[in-house]
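Q: Need coordinates for the following:
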Amino acid sequence: MLGYGVESLRVRYSRLPYTTKYTKNENETDEVVVNTRSECMLLAYRKNKIAFFTTKTESGLKCTVMGNIVSFTEEKHDENNALYMLDIGPSDRKYRCDDPSQMNVMTLMEGTCEAEQEMCDQLKSLHDFCKEKANNPTCTVKCPEGQKTVNGARDCCAFITDKNGTEKCCPADTHPRKSIDGLEMCCPKDGPCCPEGYKFDVERAGGNICCPHGTQINAGEVLKDPFMMSLSCCPPSMTPRSLTCCPKDFEYMASFKKCIGFIPVDLPGPQTLGEMKKLCEDLHALPVKIDNKEQNDALVEKAELYPHGAYIGLAIMDEEQKAEKRTFRWIADDSQPTYTYWLPPYPDLTHPDKALVQCVESRVRYSKWPYRLRSEKSDSKNIVKSKWECMIHAYKEKRIAYYTMMDLRGMYCNLLEDISFTDEISPKNYQAYILDTRPKEDGCQCNDTSKMDVRKFFEGPCEAGEEICNEVKRMNTYCITKANNPSCTPVECPEGQKALDGSECCYAHKHPNGTEVCCPENTRPKKIDGEDEMCCPEEGPCCREGYTFQQEQDGRDICCPNGTEFKGLHLSKPVCCPSTMVRIADSSTCHPANFQYMESFRKYIGMVKIGILWNVFGKTRVELMKLCEDENALPVKIDNKEQNDALKALNIDKTHGAAIGLAIPEGEQWGKDSFRWMADGSKPTWSNWLEGQPDNAGPTEILVKLTVDNMQWEDVAREIPTIICMAEPYEGTEKENGGAARLPQRGVAAQLNENSSSVRLSPGMVAYKLHWFDGIGGRVEVTRILLAYGNIPYEMVNVNEDDWPKLKGNYLSGQLPILEKNGKVLTQSIAIARYFAKQLNLLGANDWEAAEADAWVDTIEETYQTMISNGLIKKMIQEHTEEVQAEITDTLRPFLERLEKHLLTTNGQNLVGNQLTWADLAIGDLYKRYSNCVPNLLLGFPEVKKFTEYVYGLAGIKEYVATRKLVKKF
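A: Predicted structure coming up:
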């Protein structure tokens, strides 16, 4: 303690262990540097203050004279700080100055005060407060949970922290509450709460949405955006659009960074520039100005609903100016256009009124329908930005109806064809729309389903084009004659039957493509081999179209594709091969009769007789080809001595030999270098000509025969009794043959260079050939990843890009990739990949997961199209500048953000469920290859990076990518 004697007056200040809250006199200097605490005490006493505070600093002891003490806290001081308060307690009380924690603050204020009256009054007021509100040794106020003493106040209160960080007590009968944007406010215990100058509009997600006076949130927008991500407060005459406010029926277009709308006009349209400007000005808008192709394309997409076009804000401003291209100016800012897209021969300047383009109001409208729709065919457009975009797709593709579905990823658009109606109420995330020909004034009672009558949708004049209008007419007829009720729902059918087209009941079966089809009269649906369903007679055998009944075995009908016959069962499945073939024991494959397997060829080799008059007429090159093709084979190709010598095992005519598959193509002149292998059009890389051969000794010798004595080659004209053919094993299981297209053995491989990489195949093993461009991953890489993961052997037929123009005609589809198997061909990269995914059981654990996996794989094409539209695929493989990499990163960022967010909701390794699917392999490979070209692409996306590394670390894939050589990295 510190003491100060003034004749018959004794004053004492004692040290307190806790801090206090006090008020400060702004007219006094209460902080000075002193030499000792006694000096600070004298300063406090002279200022009639009951407390002071000292702080040790580098410049000395800082003295703070405290104002009126309001209350105490339990916050302790450190060793550099000390608080002293006037002490009038008994001097003989037990108290240790070096241990202030043992003291009772109340005792400092209980005694005779001999200080100045002002100081005594302060002390008495503080003592009364402590005794009444904080009667404890530390004299601290104990507040209920959620309350505290704020800014020197002695009473507890509920409080808020304002945007400046200042704590404030809430008035009585109010409590702290946060607005939707996190702002704290003192609000009534019941009812809405808004900041000053705002009014309550709606409550969402536990908070208030308040709008400035004179604005509001459109209720429809709230329903469309339940997560409050894009709502704006707008005047009643405007509508929220992408965090901004647009005039009614306008929408925000990112390419313009403005609200854009199509304003209906009365015919014959505005006749003057002033009339045209007024149309927009009445909506507080300006006629549109187009600065680039992106903006123009955005308008074109919307304008397709307006068959007669639409005005833009480009015109000849001065009526006295000469009509020339250069006199056209933008109405919005009187500037000349820097971008134009005139349709030749426009602008037509021969008539002054051609300065404006005539426009009429569209008569095409799709209205909401509250029930689910059934459709024979649905075409998904994946995620769209709005229902408007989905409607554009429907109108473009001439569909009478569509529906949208919402999930966390966005809005999905599905176009419908051959619709019929149900009475099933739509779930909240599903909304159907139907072409509506009613006059607009009839309106759509979408909120009152009891008043809706879909028949009226089809009764008005249709102006949507012949194809859509024919469907409208069909629906109108059906609803009136077959389902004459407001919801146009089909009649009740007998048990086991359905009304698929909404008109008549029938027994229905599920088509392999997933759709339901009516069975013909006197037939019923039946499963064939426990798999595909088809319509079968009530009695007798049943085979699907293109198949022929063979026999009944174990209570089931055995059917084989036309042109084949039953050869037995393999793994409970019928093996069907052409009649000229024999089955390979214990397998599902066959080979031509009298052919034998030769290891050096890794194929079946045999001879085919040319005919009894071979020595009279002979055969042409094309005719020899057909002889082999009739055996599902090709003329033999000999690549080395081992293969040549192996042919000794054949019973070759000792006198006349046998033809091999080497010949000069029709139309080419004879020459020693003109011979080509018929199997693939390539030049021989190994030969075994007799001495002096080829010599073209007789009539043009364009064929080649193999002699028996020395197994050497000789060119001949036509006189050969047999030809040696080679064949791959023929897959005979119904599962593999069902529905597959036959590939002419000559067509696909013809004229390809022999530069393919292949995998060794054992007898009876399925042989796959994958045709694609040499050194490029692209769309086919997901298939190679699947093949590597499944350790499936295949042969890669590499096509040189430079040779593609001349090779393109040899492919039935005119495109790559293709998958070839036993003469059958499959096109389309995703279909090929999905085929192998099914073989590897990677489609998904159930139908729903399979659909989810398909949805993720579909995003691959989305990224391709986005990159292609911006010219980035070419830039990515040809240029590696920082600018190009930055542009690619920006373009792919939305896809990566969506993938990153999704992976955070999964185990980090699987996109669907908790097991590997082909979607994991496809998406992981895609973004890994993208990142190979753009090294910093995955910065900021740690989950995507870990996911791609996991995929590339899987057995089989790890080994494949370690040796993979992609010339262009992608």
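
Q: C-terminal to the helix or strand hosting residue 432, what's the next element?
A: Using DSSP states H and E, residue 432 maps to strand 430-435. The helix or strand immediately downstream of strand 430-435 is helix 466-481, counting by DSSP H and E.

Q: And the strands in the stretch 301-450 of the chain?
A: Counting by DSSP state E, counting those that start in this stretch, one finds strands in the stretch 301-450 of the chain at the ranges 314-316, 328-330, 366-369, 371-384, 401-407, 410-425, 430-435.

Q: what's the answer for the stretch 701-850 of the chain, then?
A: For the stretch 701-850 of the chain, the strands defined by DSSP E, counting those that start in this stretch occupy 703-706, 713-716, 722-727, 730-731, 741-742, 768-773, 795-799, 818-821, 824-827.

Q: Go through those and name the closest to residue 369.
A: Within those, the stretch nearest residue 369 is strand 824-827; the backing value is 37.6 Å (C-beta to C-beta). In this view, the C-beta of every residue, glycine as well, is placed from N, C-alpha and C.

Q: Show me what that closest one pairs with in its sheet, parallel or antiparallel.
A: strand 741-742 (antiparallel), strand 818-821 (antiparallel) (DSSP bridges).

Q: rank the strands of the stretch 301-450 of the chain by pLDDT, which is bottom?
A: Lowest mean pLDDT within these: strand 371-384, a mean of 79.

Q: And for the residue nearest to residue 671 when sequence neighbours are not counted, the neighbour number?
A: Distances taken as C-beta to C-beta, 6 or more residues apart in numbering place residue 664 nearest to residue 671, at 7.7 Å, with adjacent residues excluded. By other C-beta atoms under 10 Å, the residues close to residue 664 number 23.

Q: Let me know the pLDDT of residue 664.
A: Value for residue 664, per-residue pLDDT: 89.

Q: returning to that earlier point: ok, which of the strands of the stretch 301-450 of the chain comes nearest residue 836?
A: Nearest to residue 836, of the strands of the stretch 301-450 of the chain and by C-beta to C-beta, is strand 371-384 at 22.9 Å.

Q: Helix or strand: which one has the nearest residue to residue 63 once chain neighbours are set aside?
A: Nearest residue to residue 63, sequence neighbours excluded (C-beta to C-beta, 6+ apart): residue 40, at 3.6 Å. With secondary structure defined by DSSP H and E, residue 40 is part of helix 37-46.

Q: With residue 130 instead?
A: helix 117-133.

Q: Buried residues in that helix, which are they?
A: Using 16 or more other C-beta atoms under 10 Å as the test for burial, helix 117-133 gives 119-120, 122-123, 126-127, 129-130, 133.

Q: likewise stretch 862-872?
A: Buried residues in stretch 862-872 (16+ other C-beta under 10 Å): 863, 867, 872.

Q: Let's see which of those residues end up in strands.
A: Among the buried residues of stretch 862-872, no member is found in strands (DSSP state E).

Q: Out of those residues, which comes closest to residue 893?
A: residue 863 (11.3 Å).

Q: residue contacts, that closest one?
A: 892, 895, 926, 930 (C-beta atoms under 8 Å, 6 or more residues apart in numbering).

Q: let's see 7 Å
A: Listed by C-beta atoms under 7 Å, 6 or more residues apart in numbering, the contact partners of residue 863 are 892, 895, 926.

Q: And for the strand holding residue 432, what's in contact with it?
A: 366-369, 372-373, 391, 400-405, 426, 454, 457, 464, 468, 472.

Q: Could you pick out the buried ones from the residues you listed?
A: Buried, going by 16+ other C-beta under 10 Å: 366-369, 373, 391, 400-404, 426, 454, 457, 464, 468, 472, out of those.

Q: Which of the three states applies to the residue nearest to residue 247 when sequence neighbours are not counted?
A: Residue nearest to residue 247 in three dimensions, not counting chain neighbours: residue 283, with 4.4 Å by C-beta to C-beta, 6+ apart. Following DSSP: H, G, I helix; E, B strand; the rest coil, residue 283 is assigned to coil.

Q: For residue 237, see how far away residue 283 is.
A: Per C-beta to C-beta, to the nearest Å, residue 283 is found 8 Å from residue 237.

Q: Next: residue 927.
A: For residue 927, the distance to residue 237 (C-beta to C-beta) stands at 46 Å.

Q: Neighbour count: those two, which is higher?
A: residue 927 (23 against 10).

Q: The strand or helix carrying the more buried one - what's its average pLDDT?
A: Following DSSP H and E, one finds residue 927 within helix 918-933. Computed over helix 918-933, the mean pLDDT rounds to 90.

Q: now swap in stretch 817-835 and tell me
A: 86.

Q: how long is it from one end to the other?
A: One end of stretch 817-835 sits 14 Å from the other (C-alpha to C-alpha, to the nearest Å).

Q: domains for this structure, by residue range?
A: The record's domain parsing of the chain by automatic domain parsing lists 2-133, 160-239, 254-355, 366-481, 492-536, 581-727, 740-839, 847-963.

Q: With distance to residue 552 as new columns, can those domains be given to me in a markdown table?
A: Below are the domains of the chain laid out as a markdown table (distance: least, C-beta to C-beta, whole Å):
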| stretch | distance to residue 552 |
| --- | --- |
| domain 2-133 | 95 |
| domain 160-239 | 60 |
| domain 254-355 | 58 |
| domain 366-481 | 34 |
| domain 492-536 | 13 |
| domain 581-727 | 20 |
| domain 740-839 | 25 |
| domain 847-963 | 32 |
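
Q: for those domains, which one sits closest to residue 562?
A: domain 740-839 (10.9 Å).

Q: How far away from the center of its chain is that closest one?
A: On the basis of C-alpha atoms, centre = their mean, to the nearest Å, domain 740-839 sits 28 Å off its chain's mean C-alpha point.

Q: Identify each of the strands in the stretch 101-250 of the chain and give its residue range.
A: Under DSSP E, counting those that start in this stretch, the stretch 101-250 of the chain gives strands at 147-148, 157-161, 167-169, 174-178, 184-188, 198-204, 207-212, 238-241, 244-247.

Q: nearest to residue 595, of those?
A: strand 238-241 (71.5 Å).

Q: got the CA coordinates for that closest one in CSV?
A: The C-alpha coordinates for strand 238-241 follow below in CSV (Å, rounded to 0.1, in the frame of the first residue of the first chain):
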residue,chain,number,x,y,z
MET,A,238,-38.6,-5.5,-62.3
THR,A,239,-37.5,-9.0,-61.7
PRO,A,240,-34.3,-10.4,-60.0
ARG,A,241,-31.9,-11.9,-62.5
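
Q: From the chain's centroid, how far away is that strand?
A: Counting by C-alpha atoms, centre = their mean, strand 238-241 comes out at 27 Å from the chain centroid.

Q: still on that earlier bit, and the strands of the stretch 701-850 of the chain: which comes nearest residue 690?
A: strand 713-716 (5.2 Å).
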